[in-house]
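J.: mind folding the following:
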Amino acid sequence: MTSYQAHYHTAMTDPETFWLEQAQQLPWFQLPGKALEQLSANRYRWFGDGRLNCSYLALDQHVAAGRGEQNALIYDSPVTNTQQCYTYSQLLQQVEQCAGAMQQLGVTTGDRVVIYMPMIPEAVIAMLAVARLGAIHSVVFGGFAAHELAIRIDDASPKLIISASCGIEVTKVIPYKPLLDKALTLASHQPVASLIVQRAQLAAELQPGRDHDWHQALASAQPAKAVPVASDHPLYILYTSGTTGKPKGVVRDHGGYAVALNYSMAAIYNVQAGDVFFAASDVGWVVGHSYIVYGPLIAGCTTVLYEGKPVMTPDAGAFWRLCQQYRAKVLFAAPTAFRAIRKDDPDAQLLQDYDLSVLECIFMAGERLDPATYDWTTEKTGKPVVDHWWQTETGWPICANLMGIEPLPVKPGSSSVPVPGFCIEVLDDAGRVLPANQQGNIAIKLPLPPGCLQTIWGNDERFEAGYLSNFPGYYSSGDGGYIDEDGYVFIMGRTDDVINVAGHRLSTGEMEEIIARHPAVAECCVIGIADALKGQLPFGLVMVKNGSAISPEQLEQELVAMVREDIGAVACFKQAKIVQKLPKTRSGKILRKVLREIADGKTPQVPSTIEDPSCLEEIRMHLP
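T.: Presented below is the predicted three-dimensional model:
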């Protein structure tokens, strides 16, 4: 098959043959004889009779094939002035030791391990070591506050937590251990032990009996072999914000995920074993899981782990330096990274200092790629830029331009065409399929292809209710958009109140819960407003209680501090304005969509059910 249409048609009409062929590209301990099984009305299983291990696929298979001296992981940290390479043999040895250390601490197949780490090699080693034992890792982004970490600890109930003494943001050292200690005081569940990487920039105080030094534990451990697990055995739990404020733990399997990622590396990203792949993300997010760790390593690539920013470490030429120095074939980052580069270096003068001749393609995802950023990046780099759309829940792209199969013409503003395996339709609210160019709910016909979420950790009911009940027979993406007459998909935004801040999905409902705790606040609303750099920023509108004497400036300052304490700086919550009334329907529902449209400079269609239309004028004055 050499064309996109051939791949897509075969995946749709004969998924059994198509996906078994993809599965056979990997070294299973027990090769599956069947691709797809239907377990219930809405539930499916991929490669159910197969046995494998993602850690083995990422490391052992390449060493066994004689490629142990190839670089597997390149660590580049301008914030610590460190550069370090690990060959496949070296990375395997570290992962074996880490898995052995975890075994000594009692971790076994099926146990959960929370990883709360900065972008250091030990984070990758820890993930692969957990997978090696058939345990289940849950990586929590290092920027999250103690409160958020505690919620995830209680939900995943880990036997072990792996962390580091500190993280580094540009020039600031952030102590992680005090955040972890505070989270454990807030959490009901208590792990058996923790494993701590002591960094040179700041040593942590270890609690005797509970905390163990990473280097000492690995030095005394016996190396552990990869444990064969069933294809549908959980590989990891990755939390994504829900509109209720309670995080949802997306569960991913070993088998389907490995097959999907391996297919995507060649078909979408056009890379093969030995190529260098640079995904500028964080291991705490789905891009980090799929395309810093598992995807590139399973495919035998060299992956770049970057502890730095697109700007300020030291300048807006950072990505270009990395691409030249390590001869990256692919660069993958969120559009917000390129907006930051453009803001600091609008004429791309720093780009002239670097040779990008090896770089073949730039991929962007995590939020909608606006045409201005697309145009700037293509013009300044001279490279193809691919906007592709996917979600934490799917684990790999839903829509993309398949650069390794047949690159198609680009339509700025579109995330291209459905990836083979994804049957995308646009539905109205009643579940009827809409014609081309008509905007509605983006839904994916069941069964989902391999690699997508199996369920929500510990909550099958929430999985069914949140994703499968709105449109029977479909996975509801929660995004709105349309498909044009050529089959190109245009994603226009979320249909719920989750906002996208620099590629991070954050719940406005969760922020509202925090703001409402302030003693002066009677009622509040948080909306996402467009931001040229980060895509969206949260903006708070607050009604204060009668008789409250707090000044608007002090209230804003305190609310900003509360959100930062509970969610972390990643929320970028910086504005909260006092209003006399919030626009509501007569039934009491706040008209958030109307507020968003006003903030975006549009003329909203104000429903007749609004209780007091005059309040919109006051709010318009407060919005940026």
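
J.: from now on I want contacts and neighbour counts done on CA atoms only, so please keep to that.
T.: OK.

J.: then Leu595 would be within a helix, right?
T.: Yes: assessed by DSSP: H, G, I helix; E, B strand; the rest coil, Leu595 belongs to a helix.

J.: got the contact list for it?
T.: Applying CA atoms under 8 Å, 6 or more residues apart in numbering to Leu595 gives the contacts Ile527.

J.: now do it, the pLDDT please.
T.: On the pLDDT scale, Leu595 is placed at 88.

J.: same thing with Gly478?
T.: On pLDDT, Gly478 comes in at 89.

J.: go on, Glu611?
T.: The confidence metric pLDDT takes the value 67 at Glu611.

J.: could you do the one 3 residues further on as well?
T.: The predicted local confidence for Ser614 comes out at a pLDDT of 80.

J.: how near is it to Ser476?
T.: Using CA to CA, to the nearest Å, Ser614 is found at 36 Å from Ser476.

J.: which of those two has more residues huddled nearby?
T.: Ser476 (19 against 11; other CA atoms under 10 Å).

J.: what is the burial count for Glu393?
T.: 23.

J.: what helix or strand is it located in?
T.: Using DSSP states H and E, Glu393 is not contained in any helix or strand.

J.: distance of it from Gly466?
T.: For Glu393 relative to Gly466 (CA to CA), the value is 11 Å.

J.: what do you get for Thr82?
T.: From Thr82 to Gly466 the distance is 43 Å (CA to CA).

J.: what does the longest helix along the chain contact?
T.: Scanning the chain for the longest helix, with DSSP state H as the assignment, gives helix 88-104. Contacting residues not belonging to helix 88-104 are listed as 59-60, 62-63, 67-73, 125-126, 128-130, 132-133, 217-225 [CA under 8 Å, 6+ apart].

J.: and that helix, which residues are buried?
T.: For helix 88-104, burial by neighbour count (16 or more other CA atoms under 10 Å) applies to 88-103.

J.: before we move on, what about stretch 211-221?
T.: Neighbour-count burial for stretch 211-221 flags 211-212, 214, 217-218, 221 (criterion: 16+ other CA under 10 Å).

J.: now it: average pLDDT?
T.: Averaged across stretch 211-221, the pLDDT comes to 98.

J.: now that stretch: how far from the chain's centre is it?
T.: Centre-to-centre, stretch 211-221 and its host chain are 30 Å apart (CA atoms, centre = their mean, to the nearest Å).

J.: what does it contact?
T.: Contacts of stretch 211-221 (CA under 8 Å, 6+ apart): 97-98, 100-101, 104, 193-198, 206.

J.: who's more crowded, Thr82 and Gly466?
T.: Comparing Thr82 with Gly466 by other CA under 10 Å, the one with more neighbours is Gly466, at 17 against 10.

J.: tell me how far the more buried one lies from Tyr474.
T.: 12 Å.

J.: try Thr171
T.: To Tyr474, Thr171 is 47 Å away according to CA to CA.

J.: pLDDT at Arg339, what is it?
T.: Arg339 is given a pLDDT of 82.

J.: so it, which of the three states?
T.: Here Arg339 is recorded as helix under three-state DSSP.

J.: contacts only, for it.
T.: 373, 532-534.

J.: separation between it and His289?
T.: Look at Arg339 and His289: by CA to CA, they are 24 Å apart.

J.: show me where pLDDT drops low in the stretch 151-300 of the chain?
T.: Along the stretch 151-300 of the chain, segments meeting pLDDT under 70 span 241-245.

J.: hmm, Phe319 is touching Pro310, no?
T.: Yes: judged on CA atoms under 8 Å, Phe319 makes contact with Pro310 at a distance of 6.1 Å.

J.: higher neighbour count, these two?
T.: Phe319 (25 against 21).

J.: next SSE downstream of the helix or strand containing that one?
T.: Phe319 is part of helix 318-326 when elements are defined by DSSP H and E. With elements assigned by DSSP H and E, the helix or strand that comes after helix 318-326 is strand 330-333.

J.: show me what that following strand is packed up against.
T.: Applying 3 or more CA pairs under 8 Å, 6 or more residues apart in numbering; DSSP states H and E, one finds that strand 330-333 contacts strand 276-279, strand 361-364.

J.: in terms of pLDDT, where does Phe539 sit?
T.: Per-residue pLDDT puts Phe539 at 93.

J.: give me the number of residues near it?
T.: The number of residues packed near Phe539 is 22, by other CA under 10 Å.

J.: name the residues that touch the helix or strand containing it?
T.: Here Phe539, judged by DSSP H and E, is contained in strand 535-544. Residues from elsewhere that reach strand 535-544, judged by CA under 8 Å, 6+ apart: 336, 367, 499-503, 508, 520-531, 571-582.

J.: in helices only, show me these.
T.: Residues of the contacts of strand 535-544 located in helices (DSSP H): 336, 508.
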